[in-house]
Structure formats: C-alpha cells, structure tokens
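Chemist: I'll drop the sequence and a predicted model, then ask my questions.
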Amino acid sequence: MNRDSLAEERLARARAIAAAGGLEAALASGALPEQADLTLSEAVVLGLLRQGVTRYVGIFGHGSTEIGEVLRLYSQAGLVRVYPVRHETEAAHAATALKWVTGEKAAVFTSIGPGALHALAGSLVSASDGLGVWYLFGDETSEDEGPNMQQIPKHEQHSFLRLCQSMGDAYVLHTPGAVGAALRRGLNVVDHPHRGGPFFLLLPMNTQAALLPGFNLYELPVGAPPRLGAAADDGAYARAAEALLQAERVVVKVGGGARGAGPELLEFLSLADGVAVTSPLVSGLIPYRHPRNMTVGGSKGSISGNFAMNQADLLVAVGTRFVCQSDCSRTGYPRVRHVVNINTDAHAALHYNRTTALIGDAAPTLRRLNEELKQRPGPDRGTPSAWLTQCMEKRREWEAFKAERYQKPCLHDDGWGREVLTQPAAIKTVTDWARANEAVSFFDAGDVQANGFQIVEDDRLGQTFTETGASYMGFAVSALLATAMSTKPFYGLALTGDGSFTMNPQILIDGVAHNVRGCIVIFDNRRMAAISGLQTDQYGRDYATKDALNVDYVAWARAIQGLTAFHGGYSMAELTQALNQAKAHDGLSLIHVPVYYGPDPLGGMGVFGRWNVGNWCDATQALRHKIGL
Ligand SMILES: Cc1ncc(C[n+]2csc(CCOP(=O)(O)OP(=O)(O)O)c2C)c(N)n1
Ligand SMILES: [Mg+2]
C-alpha cells in the first residue's frame, strides 16, 4: 500500500473511533470492523487506547518514526495527545507525575539508544514509587543485518531488553503476532492495583511497520488485575491483636501502600493506642494536627517521629518498604520486640524478623484487625495513656523547634554577602501559600526535599508530592508538565534547588510550549547543599559541591517568551507577594529565592537519626546487628 492511502486508511479508522465515542463503542456498533490490516505500531497505539492511554510524551528519533506517524494521525482525529519535549528523563518524570497526581496513564516514547537510556534512567522514579508508566523504545532490528547505530555495541542479542528488565518488566516486539501478549504483560504491570511500575515495550526498527493482516482487534487486552483484598486469616489477626494488647508503646509506620486506608488507620491508632510515623509519600493521610501524628521519622526525621521509633516496643508497618532514610538503615526501632506488617508484597511484609505478616490490602486488612481488637478488652492505660502523653510532649517540642526557625527567617550568608531567607522559612512560606491557594506542590531532591517533608503541614492527601523513592533531581520541575497533560487541570508548584533545577531546565521551554500552569520556585544556595552538609557532618569539610558562579535565573527564564519570572525577595512577605504575582500569570512562571547555607542550626531542620552511608557505616551496621531485628 502506498503511504498516502495508508495514512488515509489510518485516519479514517481513527475518525471512526472518535465518532463512535471510543474504541469499545466503535467495535460494538460495527463502525470499526473486528478485523483490520494494521502495522504493528498502529496495533500498539490501538491497544494502548483500549487500555485508556491517550497521553504520549517524549522525543522521536530514527528509531521511532513509524510510531510517530501513527500518533500524528491519531492525534489529528483527537484520540491521543502528544507532547514533544526536550529531554527523555523529563518525559519520564512528567508521565510518572501525571499518574501520581491524577491517576491518568501515559506512554513515554523515545528513539533507540541514548534517548531510551535517558528515559530508562527516569523510570527509576516509576519503579521506586510504584507508579505505572508505559515506555515505548525503539530497538535494534530483529534481522541482525549488522550493528545498528546507537545500539549497545556488542555482538549479542537483546542488550536493551536486559537493561530494561533490570528496572522493570519488558518485552521485545520481535514478532508482530505477539502484540496482544506483550500488551497484556504491560497492562498487568502498569495497571497493577497495588504497586505499578514501568513497563518497557521495545520496538525493533524493522517490525514497527510490519503488517498484521486481518488483525483481530479483540486480541487487544483490557482489564486490570483485581485487588488482593484483606489478608487471609490463619490465626494471624488473633496473634497480631494479642501482641498489640500486650505491647506498651505501639508505633505505626505509615507508607505509600496505606494511601487508601486513612479512616481505618485513625480507628486503629486509637484501638491500639498507637502513634503514627508517616512516610513523606503520604503527607496528609493523617491530618498534620492529629494528636497521634508524630510526623516523619528517620535520618531526616523529626523529634517526635524519631522518639516514637526509638522508644516503641511494637512496630506496625503499613504499606512501607523500609527505605534507608526513613528506616535509619534498619536501626530505626531498637526496642521493638514484635512487628505486625501489613503489605501486599511478601518481601516487604517479611522484611523484619519477629514478624506477624498480614499479606493483603491495607484498608480491608486494617478493618479486619480493628474488629479483632474490638472483641478483646483493652488494658486500661488511662486517657491519654502514658505513651501517648510522652509522644505528645515530643510533638510539642518538635513544633517549638520549628517555630524557632520561622521566627528567625533570615540569616547572614557569606556567599550572598547579606541576609537572605533560610530554606526552612522560605519553604514554610511557599507550602503555606500552596495550601491556601490549592496548588499541588512537587519537591525536588536535596535539602529542599528533606527540609520540605519536615516542614509541610498537610491536612489531606494530594497536596504534596515528594519523590523520596529515587530522590531524583529534576523530578519536580519536570512534573509540572503533568499540569498540561492532565484532563483534570491543576496548578503546580515545583520547589527545587539550584542543583535540581539545572538538571532539567528544559521545562522552561516545554512548559510554555504545552501551556503548563504552575510555578518553579528555586531555592538558590549556590550549591548542592544536601551533599555539602553530609560531607561536613562526616568529614568536617565539604568538597566539590559548590561553585562561585553567579547565575541570573530570572534573566534565563525571561529569555523564553511567555514565561514570567520574579525575584523572591528577602523576607517571607516578599516571597508571598512574588507567589501571588506568579499565580496571576496564567501559565508558567519562575521565582528565584536566594537562601542561606551555613553552620547556623536555625538555617536547617536538623538531622535526627542514623544512616548507612559514608564513614557512618561501621557504627550503623554494628547497631543494626546488635538490634538483630
Ligand atoms: C539525578 C541525581 N543526581 C545526583 C543526586 C544526589 N544528590 C542528592 S541531593 C543533591 C544536591 C541537590 O542540590 P540542590 O538541588 O541545589 O538542593 P539543595 O540540597 O542545595 O537544597 C545531590 C547531588 C540525585 N539525588 N539525583
Ligand atoms: Mg542548592
């Protein structure tokens, strides 16, 4: 078939689907015949459409022109939207953020080789935070006629497949007839009900345009895997309830897997007389002001969170995977004698010894456990109990510690040669403003992120997205693209450091090109301060984590037509004013805030726990083995 008639045929098909109101309706009404002559690439796009994937973001190359041609026509018919960007890692971040904030799925497309590797790097976020994202990569030809440009230069098959398989699940579409099976594997990963992830569909350059004559469209799979439900009862609920009633100091570690279990958790906390230590991922699940909320814990934890972890004799873990920073590298619970662990994943559920594992969905499992507790008379420990009283006292200490920092919002900084805002004061200003203005906050890595999750005071889920899984610099600014990709528009704020912003400044151009609504707030301490801080704490000196360059971020942003940029000023009031000005612009804006770096403890939010990095490893590991949990 010549290319023009193929394009006409594709466009007609796409228009028939659009006119019918979707693929299912088009098939049911016969507007779209059950069988069609399609290229593999069109079958992939149709298959993803059937799964509800209508957003594509990435960069085309010689390894993906055929996919591009199909997307051109399907977007012309209004079935999909394509967001060309300037960096594949940015594309991965945007797709991941979209899934995270609104639940909408997207596919990242790239060429073969470097573009795919950029996206693969970015997919670490989808893998770490359990967020389903499709990745469509160009791949080497399956006929192996000789080395393809940009393939991994080895005389071996499927090098990219092996790389991708280390990160998530992957499939090479070496044979067009396998498309239904490949799409099912991806569906099971991307739409996994408990822990999604990246799925890599590798498209050899020679099979993308291969014809599937008389392809049966019903072969394109639909239907996500069902949820697991409550953990099975083999006596584990009774054992857990007995242990809980015997314990005197219950701490509940709340991770991302507890997202749908807010009410059950609150009831559980009072039945078990427990206090919660929350992962930054679920900021707001338990309202910040709740008396049993000890806020974050770990090596960048809090006075109250770390107190609860250090003192507890029983740990209830809900939907959490014990990442080093929040778990003090397995030294977080030195007095715990028993663990009740609720998780859908057996590995996570059995992470610690002395565990009663409840392998199931958090909300129904907690409901069942709550029933078990209600059947038993709880010991009279007074109201509030001694444990809760102690914890609330620590929580007050934490609030006083924070207030002290907000009362001294500016410090003299040698680098800036004047008084500038501290990061705590600046982040507090921005996050308070975000809550009042219903903006969604994204946090980039570094001190911005750690100070950020120590500071935020969310009262519901969905106000803060902090990528603590991979802590990927450049995530937050790239995530703003999701505001333009979503069918449910929202205003985004990216809280970023000078280092993180510079990883993915492409958003300045892509954000304007695609009508992002949001603001980039750069907390500029002219260095990668999180690492300078670690170096100084560990070795007494910082090294190679700063430079003396002056960068005019406002001028940089203003160089892009359609972007507005402001200086954030030197006080909390000036920063608030800049935020209001930014919001008044219906598009993307940038605020540059010089912030303090230095030894004054009021310039940071403190470090409270242990971490198995640098020269702390010997002591941390020794303690881990001494605890033996
Ligand atoms: C892509 C990537 N590279 C390196 C790191 C390691 N890292 C973590 S925080 C950080 C410094 C962040 O600097 P900046 O964004 O300026 O924030 P600050 O700590 O100064 O507030 C680095 C290098 C990372 N998390 N991600
Ligand atoms: Mg910095």
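Modeler: All right, it came through fine. Ligands and ions are numbered 1, 2, ... in the order given.
Chemist: can we go C-alpha only for contacts and neighbour counts from here?
Modeler: OK.
Chemist: does the helix or strand of the chain with the lowest mean pLDDT reach ligand 1?
Modeler: Least confident helix or strand, the chain: helix 324-327 with a mean of 92, by mean pLDDT, DSSP states H and E. No. Figure legend: helix 324-327 not in contact with ligand 1 (CA under 6 Å from any ligand atom); closest approach 12.3 Å.
Chemist: now that helix: how far from the chain's centre is it?
Modeler: Relative to its parent chain, helix 324-327 has a centroid offset of 16 Å by CA atoms, centre = their mean, to the nearest Å.
Chemist: try stretch 201-220
Modeler: Centre to centre, stretch against its chain (CA atoms, centre = their mean), the figure for stretch 201-220 is 32 Å.
Chemist: pull out the buried positions in the longest helix along the chain.
Modeler: Secondary structure of the chain per DSSP state H: the longest helix is helix 386-407. Of all the residues in helix 386-407, those buried under the rule 16 or more other CA atoms under 10 Å are 387-388, 391-392, 394-395, 398, 401-402, 405-406.
Chemist: need those in JSON lines (columns: distance to residue 369).
Modeler: Formatted as JSON lines, the buried residues of helix 386-407 follow (distance: CA to CA, whole Å):
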{"residue": "387", "distance to residue 369": "21"}
{"residue": "388", "distance to residue 369": "21"}
{"residue": "391", "distance to residue 369": "24"}
{"residue": "392", "distance to residue 369": "25"}
{"residue": "394", "distance to residue 369": "28"}
{"residue": "395", "distance to residue 369": "27"}
{"residue": "398", "distance to residue 369": "31"}
{"residue": "401", "distance to residue 369": "36"}
{"residue": "402", "distance to residue 369": "36"}
{"residue": "405", "distance to residue 369": "41"}
{"residue": "406", "distance to residue 369": "41"}
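Chemist: ligand 1 next: which of those are close?
Modeler: Near ligand 1, taking CA under 6 Å from any ligand atom as the test, no member of the buried residues of helix 386-407 is found.
Chemist: who touches the least confident helix or strand of the chain?
Modeler: For helix 324-327, contacts defined as CA atoms under 8 Å, 6 or more residues apart in numbering pick out 279, 296-301, 330, 332, 611-612.
Chemist: repeat that for stretch 305-320.
Modeler: Contacting residues not belonging to stretch 305-320 are listed as 244, 247-258, 275-277, 294-298, 332-344, 348, 362, 391, 394, 608-609 [CA under 8 Å, 6+ apart].
Chemist: what about that stretch, average pLDDT?
Modeler: Across stretch 305-320, pLDDT averages out at 98.
Chemist: endpoints of that stretch, how far apart?
Modeler: Start and end residues of stretch 305-320 are separated by 15 Å (CA to CA, to the nearest Å).
Chemist: please apply the same query to stretch 469-481.
Modeler: OK, stretch 469-481 end separation, CA to CA: 20 Å.
Chemist: starting at the chain centroid, how far to it?
Modeler: 8 Å.
Chemist: quick one on the thing from earlier: what's the next secondary structure element after the longest helix of the chain?
Modeler: strand 410-413 (DSSP states H and E).
Chemist: what's that following strand packed up against?
Modeler: strand 418-421 (3 or more CA pairs under 8 Å, 6 or more residues apart in numbering; DSSP states H and E).
Chemist: make it 10 Å
Modeler: Applying 3 or more CA pairs under 10 Å, 6 or more residues apart in numbering; DSSP states H and E, we find strand 410-413 packed against strand 418-421, helix 423-436.
Chemist: which positions in the first one come out as buried?
Modeler: In this case it means strand 418-421. Buried residues in strand 418-421 (16+ other CA under 10 Å): 419-421.
Chemist: what segments of the stretch 501-629 of the chain are helices?
Modeler: 507-513, 529-539, 553-558, 572-584, 617-627 (DSSP state H, counting those that start in this stretch).
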